[in-house]
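Enquirer: Predicted model follows, preceded by the sequence.
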Amino acid sequence: MESIQVLTMKKLTVLGVGSAGCRITGILNTLPGAENLRLLGFDCDAEALKNSGLPEENLILAGVKWRGGRGCGGKVNDGKAAAAVERETLAGVLEGTPLLVVIAGLGRGFGTGSMSVIQSVTSKLKIPTVFLLNTPFLFEGGGRTKLAENTINCDLLPLAGAVVVVPNDLLFCTLKSSVPHEEAFALADRVMAESAMALAVPLCSGNRLAADYDTLSALLCRQHALCSIGHASVDPEDPEKERKLVENLFDSPMLGGSSKLKKADAVLMILNGGSGLSLGDARGIFENLQKYVSPDCEVLIGAGADSAWGREMQLVVLTIKFEKSEPGQCAAGNAPATRKGRKKRAEGEEEFQPDLFSAQTNELGVMEGTPPVIVDGVNLDVPTFLRKNIPVDRRN
């Protein structure tokens with residue numbers, strides 16, 4: 001039986017951001033196939049970087065002259081400022097990357113504050129980027145959830161290509177209430193790491209069954225979607241591998257059960273295995289799994305073969321549910337104003353020059369279309385006298 005072509009991996013880069021992102025990327029470094037990836041950690045907390053388990057040469061300490069290696073203490077504005085100092089460093093490290101996966105937990109300091117800076121750098125370098133993000137548990141408080149939502153809606157969705165948001169609270173669908181919260185966090189980190197690896201293999205490989213970045217980006221671009229991720233593995237020699245894979249998948253802690261597949265608007269199915277993984281295996285598993293999705297659901301498939309997987313066949317499913325309502329509004333001044341064209345003057349009509357200082361439209365000039373610099377809900381790209389409607393003395 002014909003085997004799936006063994007992948008020819010490009011040096012895809014994974015950037016773990018903030019304490020959670022670095023921790024997840026450190027776990028990713030222990031998984032099969034990690035040697036094919038370039039793993040980086042980015043944070044202003046020197047201790048968090050050191051504890052990530054990533055090689056020292058792969059760590060980027062942000063704003064060291066200002067922060068002195070200290071964390072942000074949950075302050076998003078401090079995180080944004082520390083990340084902004086490292087724009088040139090990030091650009092130099094990431095230049096030439098064929099595909100970037102950014103991993104972060106949202107709702108606190110550096111991970112949240114740095115998203116607009118990273119998006120700006122990758123956009124300028126034209127690097128295809130997937131943002132793989134998790135949002136806070138409900139028990140962490142509504143303030144963190146609001147910060148995460150604002151970052152997604154205002155800093156990423158308007159400009160980023162592919163944003164995958166996985167709520168941590170999906171864990172409660174399968175975990176017992178008695179599970180300690182530290183164990184819940186550890187499990188969430190592990191699932192995110194395994195999911196990042198599963199996404200990386202088909203998105204940046206030479207396989208015949210490849211769910212390429214452009215397809216994923218076209219699906220997610222500019223749309224707010226909540227995602228869930230299921231993960232399962234079996235021995236490829238098991239005669240009941242197809243049935244067991246699906247059963248194990250539905251028990252996956254961050255999938256949320258089989259109902260997530262039935263309600264999904266789109267599903268990404270990824271199968272990874274050793275070099276003996278066959279097209280017949282992929283066909284049987286994908287056909288079996290598609291019985292559980294809606295007929296109207298858009299299905300993307302990807303498969304990768306790598307000897308590093310050994311005697312393991314892994315199935316990962318990403319469900320995508322688009323929000324039907326409009327995404328939450330950004331804070332006042334967050335969204336750039338639309339540039340208005342100049343009205344053509346009719347023949348014989350005297351040209352009218354509007355009063356520059358009484359105009360109320362906050363146009364951004366050269367900053368138009370770039371991620372706004374927001375501090376305490378205020379867009380600093382808009383001139384102060386316009387934001388605050390301060391009259392200007394125009395007397396000679």
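Expert: Arrived safely, thanks for sending.

Enquirer: Report the central residue of this protein.
Expert: Centre of the chain computed as the mean C-alpha position; nearest residue by Cα atoms, centre = their mean is residue 131, 1.6 Å away.

Enquirer: Doesn't it belong to a strand?
Expert: Yes: according to DSSP: H, G, I helix; E, B strand; the rest coil, residue 131 belongs to a strand.

Enquirer: which ones are touching it?
Expert: The neighbours of residue 131, taking Cβ atoms under 8 Å, 6 or more residues apart in numbering as the test, are 102, 104, 115, 119, 156, 160, 162, 163, 164. No exception for glycine: its C-beta is placed from N, CA and C like everyone else's.

Enquirer: what pLDDT does the second one get?
Expert: Spelled out, it's residue 104. Looking at residue 104, its pLDDT stands at 93.

Enquirer: Secondary structure of it: a strand, I assume?
Expert: Yes: the assignment for residue 104, made by three-state DSSP, places it in a strand.

Enquirer: is it true that it touches residue 14?
Expert: No: with contact defined as Cβ atoms under 8 Å, residue 104 does not reach residue 14; the gap is 11.3 Å.

Enquirer: Tell me the first helix or strand C-terminal of the longest helix along the chain.
Expert: In the chain, assigned by DSSP state H, the helix with the most residues is helix 181-203. Tracing the chain past helix 181-203, the next element assigned as helix or strand by DSSP states H and E is helix 213-220.

Enquirer: buried set for that following helix?
Expert: Neighbour counts over helix 213-220 (16 or more other Cβ atoms under 10 Å) mark 213, 215, 216, 217, 219, 220 as buried.

Enquirer: Might you list the low-confidence residue ranges for the stretch 101-250 of the chain?
Expert: Low-confidence regions of the stretch 101-250 of the chain, defined here as pLDDT under 70, cover residues 171-178, 201-213, 221-223.

Enquirer: ok, now with 50
Expert: By pLDDT under 50, the low-scoring segments of the stretch 101-250 of the chain are 206-208.

Enquirer: Repeat that for the stretch 251-396 of the chain.
Expert: Segments of the stretch 251-396 of the chain classed as low confidence (criterion: pLDDT under 50) are 325, 327-328, 332-363, 366, 393-396.

Enquirer: residues contacting residue 140?
Expert: Going by Cβ under 8 Å, 6+ apart, residue 140 touches residue 107.

Enquirer: measure it to residue 157 for me?
Expert: Applying Cβ to Cβ, to the nearest Å, the value for residue 140 to residue 157 is 22 Å.

Enquirer: can you check residue 307 too?
Expert: The spacing between residue 307 and residue 157, counted by Cβ to Cβ, is 39 Å.

Enquirer: out of these two, which sits in the more crowded spot?
Expert: For residue 307 and residue 157, the more surrounded residue by other Cβ atoms under 10 Å is residue 157, and the numbers stand at 20 against 12.

Enquirer: tell me which residues of the longest helix of the chain are tucked away?
Expert: Taking 16+ other Cβ under 10 Å as the neighbour-count basis, helix 181-203 is seen to contain the buried residues 184-185, 187-203.

Enquirer: about what we covered before: looking at the sheet around the residue nearest to the centre of the chain, what are its partners?
Expert: Note on residue 131: beta-bridge partners by DSSP bridges are residue 102, residue 163.

Enquirer: quick one: it and residue 227, what's the gap?
Expert: Using Cβ to Cβ, we find residue 131 at a distance of 11 Å from residue 227.

Enquirer: Next: residue 40.
Expert: Taking Cβ to Cβ, one finds residue 40 at 23 Å from residue 227.

Enquirer: now residue 293
Expert: Noted for residue 293: a distance of 15 Å to residue 227, by Cβ to Cβ.

Enquirer: where exactly do the helices run in the stretch 51-200 of the chain?
Expert: Assigned by DSSP state H, counting those that start in this stretch, the helices in the stretch 51-200 of the chain fall at 64-67, 76-84, 87-94, 109-113, 115-125, 142-150, 181-203.

Enquirer: So which other helices or strands are in contact with the fourth one?
Expert: Using 3 or more Cβ pairs under 8 Å, 6 or more residues apart in numbering; DSSP states H and E as the contact criterion, the secondary-structure elements in contact with helix 109-113 are helix 18-28, helix 76-84, strand 100-105.

Enquirer: Okay, buried residues for the last one please.
Expert: For strand 100-105, burial by neighbour count (16+ other Cβ under 10 Å) applies to 100, 101, 102, 103, 104, 105.

Enquirer: Would you agree the third one is in contact with residue 132?
Expert: This means residue 102. Yes: using Cβ under 8 Å, residue 102 makes contact with residue 132 at a distance of 6.8 Å.

Enquirer: Please parse this structure into its domains.
Expert: Residue ranges of the domains in the chain are recorded as 13-226, 227-322, 352-396, according to automatic domain parsing.

Enquirer: which residues touch residue 80?
Expert: The contact partners of residue 80, taken as Cβ under 8 Å, 6+ apart, are 113, 114, 116, 117, 373.

Enquirer: rerun that using 6 Å as the cut-off
Expert: Counting by Cβ atoms under 6 Å, 6 or more residues apart in numbering, residue 80 touches residue 113.

Enquirer: same thing with residue 220?
Expert: Applying Cβ under 6 Å, 6+ apart to residue 220 gives the contacts 162, 163.

Enquirer: Am I right that residue 245 falls within a helix?
Expert: Yes: with three-state DSSP as the criterion, residue 245 is located in a helix.

Enquirer: List the contacts of it.
Expert: When contacts are counted by Cβ under 6 Å, 6+ apart, residue 245 touches 232, 234, 315.
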